[in-house]
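Trainee: Sharing a model that was predicted from the sequence below.
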Amino acid sequence: METPQEHLHRSVLLKETMHFLSPRPGGVYVDGTMGLGGHSQAILQRTAPDGRLIAFEWDERAIALSRIRLQEYAGRLTIIRRNFAEIAAGLQEIGVDQVDGILIDIGLSSLQLDKGGRGFSFQHDEPLDMRMDNRKEVTAASILATSTEQELADIFYYFGDEHQARPIAAHIVKARKEDEIRTSARLAALVVQSVPRRFHPKRIHMATKVFQALRIAVNTELENLSTILDEAVPLLKPGARFCVISFHSLEDRVVKRKFNKNEYLNVVTSKPVTPAADEIAENPRSRSARLRVAEKIWQ
């Protein structure tokens, strides 16, 4: 049986997030992206003996593993298999009107990157799926197979900030006429081939931004983020904190803009909180994490 210990996932900005969220006994909190349960466990520990956590997650493998990890807190934990964009509907179903704090961490976990089998990373040769929720129909492979050259270029440019989006899209459309692009290894190779070596970035793999863009497109991540940034605010009690961890500038800009424009929120972090050097050394994947926090100020 698969166990949480097999996945060496480290929850990013854990100390900083708990500081700003400030979970306390008796409170009701939401972890909108439970993943492998690291942040959830920290909230449950700090809210003992009578605090409650409502955790949302749409990856069924992550839910199964987190149930094992968090089994000692089962009496205070409710897990709902929904995307974080559906927090309002999920809370309504269980009769919760308002909560004392909400956290969402919109990065990938080690479960998806290292042993996901869904093509999130080009480090392993896997089927190009990229669905967080296997109930969804659209996959990365289907987007690559059916999108026009212009549509692919737009996805790579707007969701990945990939400035070589046009030649990459053209090369993919040409290659798919010969054979469908079904695996992460083939896609990564095509991206590398499509751009002259002198234009390759020095610090990241040439395919990094394309994979990011496809993941965002498959899971409608920006739409989901925009939705929860609007819908979460009425769910917060006055004084409750809303903590959002993002991992690239596109998401961070959305969070910053939404927080600043909402008249019901007071922005707590004027600049995003980033990981300390020791956390980055221990967990290099945390280096791009950004935490923004806002507080509900009036009804």
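Mentor: Done, it's in. Residues are numbered from 1 along each chain as shown.

Trainee: going forward, measure contacts and count neighbours with C-alpha atoms only.
Mentor: Will do.

Trainee: What is the end-to-end distance of stretch 48-55?
Mentor: Distance between the boundary residues of stretch 48-55 (Cα to Cα, to the nearest Å) amounts to 16 Å.

Trainee: Centre of the chain to that stretch, how far?
Mentor: 23 Å (Cα atoms, centre = their mean, to the nearest Å).

Trainee: Of all the residues in it, which ones are buried?
Mentor: 48, 51, 52, 53, 54, 55 (16 or more other Cα atoms under 10 Å).

Trainee: Same check on stretch 92-102?
Mentor: Within stretch 92-102, judged by 16+ other Cα under 10 Å, the buried ones are 98, 99, 100, 101, 102.

Trainee: Out of those residues, which comes closest to residue 19?
Mentor: residue 101 (12.1 Å; Cα to Cα).

Trainee: so is that closest one in a helix, a strand, or just coil?
Mentor: Following DSSP: H, G, I helix; E, B strand; the rest coil, residue 101 is assigned to strand.

Trainee: From what I see, it and residue 242 are in contact.
Mentor: Yes. Contact criterion Cα atoms under 8 Å: residue 101 and residue 242 qualify, at 5.8 Å.

Trainee: The stretch 1-150 of the chain: helices as residue ranges?
Mentor: Remark: helices assigned in the stretch 1-150 of the chain by DSSP state H, counting those that start in this stretch are 14-21, 38-46, 60-69, 87-93, 110-115, 140-146, 149-160.

Trainee: Residue 213: which of the ones you listed is closest?
Mentor: helix 149-160 (4.5 Å).

Trainee: Break this structure down into its structural domains.
Mentor: 4-111+221-296, 137-218 (automatic domain parsing).

Trainee: quick check: mean pLDDT across the longest one?
Mentor: The average pLDDT for domain 4-111+221-296 rounds to 93.

Trainee: what's the answer for stretch 179-199, then?
Mentor: Averaging pLDDT along stretch 179-199 gives 96.

Trainee: Show me which positions of that stretch end up buried.
Mentor: Taking 16+ other Cα under 10 Å as the criterion, stretch 179-199 shows 181-188, 190-192, 194-195 as buried.

Trainee: Now do the nearest residue to residue 35 once chain neighbours are set aside: how many residues are near it, please.
Mentor: Once flanking residues are discounted, residue 35 sits nearest to residue 62: 5.4 Å by Cα to Cα, 6 or more residues apart in numbering. Residue 62: 19 surrounding residues under other Cα atoms under 10 Å.
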